[in-house]
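> following is a predicted model, sequence given first.
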Amino acid sequence: MLQTVFIRENREKVIEALGKRNIDATEMVDEVIALDEKRRSTQVELDTVLSESNKLSKDIGEMMKAGEKEKALLLKEKTGQLKEQSKELSEELNKVSEDLLQVLYKLPNLPADIVPAGKTPEDNLEVHREGDIPQLFEGALPHWELAKKYDIIDFELGNKIAGAGFPVYKGKGARLQRALITYFLDKNTDAGYKEYQVPHLVNEASGYGTGQLPDKEGQMYHVGLDDMYLIPTAEVPVTNFFRDVIIPENELPVLCTAYTPCFRREAGSYGAHVRGLNRLHQFDKVEIVRVEHPDNSYAALDGMVEHVKTLLQELKLPYRILRLCGGDMGFTSALTYDFEVFSTAQDRWLEISSVSNFETFQANRLKLRFRDKDNKNHLAHTLNGSSLALPRVLAGILENYQTPEGIVVPEVLRPYTGFDIIN
């Protein structure tokens, strides 16, 4: 979340920056400033009362030693009043602090200066495009038809045992899925990311720590009996490794990668754009997460973008990179690049990765800091990216690599699959 002191000292800048997200934040920003003023004045009042109470307690002790019992008893009466007053002030301070926190939770991150203005995905800025779009043969099929033809993904079976959006991968389809996961993890670890296996459920504090709560509460599967949430991405458990942690500056950057299934209760919609693997409630994804010094985080973001580009170059899939506009950017992000692969059979671009810098937004929620050489603590920057989300990568492979004889496996994956064609 945004820092209160920054909002207080940069009111106009915050309102203007959030305007790039098409949000009129004036009322919320002023509410933050008013609540912060009340919190600070209440804190001063409480500190004054506690100081007076402590002084009286000391005076009472000295009077008792000097045999001035009657004077001491009179002062004791006053200390009782001060204790009651301090209790009321403490309760008021806790309430004001909680009210302030709840307003801060609703304010999204400030977009970086280079984020383009805009309201919809059509306003995103294309910054890179690479790869030749293949010319498919007559009779080429979309991936959901290919999955049925070659019996590699069973959408109906998944619907039977769970519901729509929970496919079952079969035979060479399951092998290809596993190959992609292992390939992505190998590439990430070769690039210096440490691999982790993490829980697929997180507590409420973890959801708040990375900003999924309260912003995306309706999109997360909630296990009510245990008050836990199925993860929407490995970003949540991995970034929460560092909640309430102070990292020595010389240990930065910290690089992590993890494979997990991901669970999202996205609003239902219909049509070809959500058919097959295009939108799922459960899907596999390999994630990369970085904790960086603020001076290095944007260079790190550029490095993450280059890393994801390498994966798509080796898979030989046509792709493009978009710098998201303010209206299409995630709640927690300061700057996001989306990668999209071109689905030839569907004649459309499919999002397969988002790579984002959150600056101090998550770190402030997490209380994630680093200690510099002068022993001073500062908020770190956090970043994350998909490398990659599997469903639409798999859809792109199935559609772009199809031939009349079968689906050719990308060369880079053949050591992992053990076969070079699905037929």
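Thanks, I have the structure now.

> what about residue 352, is that helix, strand or coil?
strand (DSSP: H, G, I helix; E, B strand; the rest coil).

> go ahead and confirm it touches residue 395.
No. Counting by C-beta atoms under 8 Å, residue 352 sits too far from residue 395 to count as a contact (9.1 Å). All C-beta atoms are positioned from the backbone trio N, CA, C, and that covers glycine.

> show me the domain layout of this protein.
Residue ranges for the domains of the chain, per the TED database: 4-106, 121-422.

> figure out the length between the terminal residues of the last one.
Spelled out, that is domain 121-422. Using C-alpha to C-alpha, to the nearest Å, one end of domain 121-422 lies 35 Å from the other.

> how far off centre is it?
11 Å (C-alpha atoms, centre = their mean, to the nearest Å).

> mean confidence score for it?
For domain 121-422, the mean pLDDT works out to 95.

> re earlier: so which of the domains of the chain is the most surrounded?
domain 121-422 (a mean of 18; mean count of other C-beta atoms under 10 Å).

> in CSV, list the domains of the chain along with distance to residue 114.
Below are those laid out as CSV (distance: least, C-beta to C-beta, whole Å):
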stretch, distance to residue 114
domain 4-106, 11
domain 121-422, 7
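
> residue contacts, residue 208?
Residue 208 sits next to 105, 214, 365 when contact means C-beta atoms under 8 Å, 6 or more residues apart in numbering.

> tell me which residues touch the first one, please.
I take that to be residue 105. 1, 208, 214.

> do that again at 6 Å, thanks
Neighbouring residues of residue 105 by C-beta atoms under 6 Å, 6 or more residues apart in numbering: residue 214.

> work out for me the element it sits within.
helix 69-106 (DSSP states H and E).

> which one in this protein is furthest away from the centre?
residue 67 (65.0 Å; C-alpha atoms, centre = their mean).

> so it sits in a strand?
No. Under three-state DSSP, residue 67 sits outside any strand and is assigned coil.

> could you pull out the strands in the stretch 51-200 of the chain for me?
Listed in chain order, the strands of the stretch 51-200 of the chain (DSSP state E, counting those that start in this stretch) span 125-130, 153-154, 168-169, 194-196.

> distance to residue 77 added to the ones you listed, as a markdown table?
What follows is the strands of the stretch 51-200 of the chain, written out as a markdown table (distance: least, C-beta to C-beta, whole Å):
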| stretch | distance to residue 77 |
| --- | --- |
| strand 125-130 | 70 |
| strand 153-154 | 79 |
| strand 168-169 | 76 |
| strand 194-196 | 60 |
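
> to residue 100, which of those strands lies closest?
Closest of the strands of the stretch 51-200 of the chain to residue 100 is strand 194-196, at 34.2 Å (criterion: C-beta to C-beta).

> I'd like to know which elements the closest one is packed against.
strand 254-263 (3 or more C-beta pairs under 6 Å, 6 or more residues apart in numbering; DSSP states H and E).

> can you rerun that using 8 Å?
Other helices and strands packing on strand 194-196, by 3 or more C-beta pairs under 8 Å, 6 or more residues apart in numbering; DSSP states H and E, are helix 171-190, strand 254-263.

> ok, residues contacting that strand?
185, 188-189, 238, 241, 255-258.

> what lines up beside the helix or strand just after that strand in the sheet?
Sequence-wise, the next helix or strand downstream of strand 194-196 (DSSP H and E) is strand 201-203. If you go by DSSP bridges, strand 201-203 pairs up with strand 228-230 (antiparallel).

> what residues does the helix or strand just after the partner strand touch?
The helix or strand immediately downstream of strand 228-230 is helix 235-239, counting by DSSP H and E. Outside helix 235-239, the residues within contact range by C-beta under 8 Å, 6+ apart are 196, 198-199, 202, 206-207, 209-210, 212, 231, 256, 258, 260, 287, 289, 362, 366, 382, 384.
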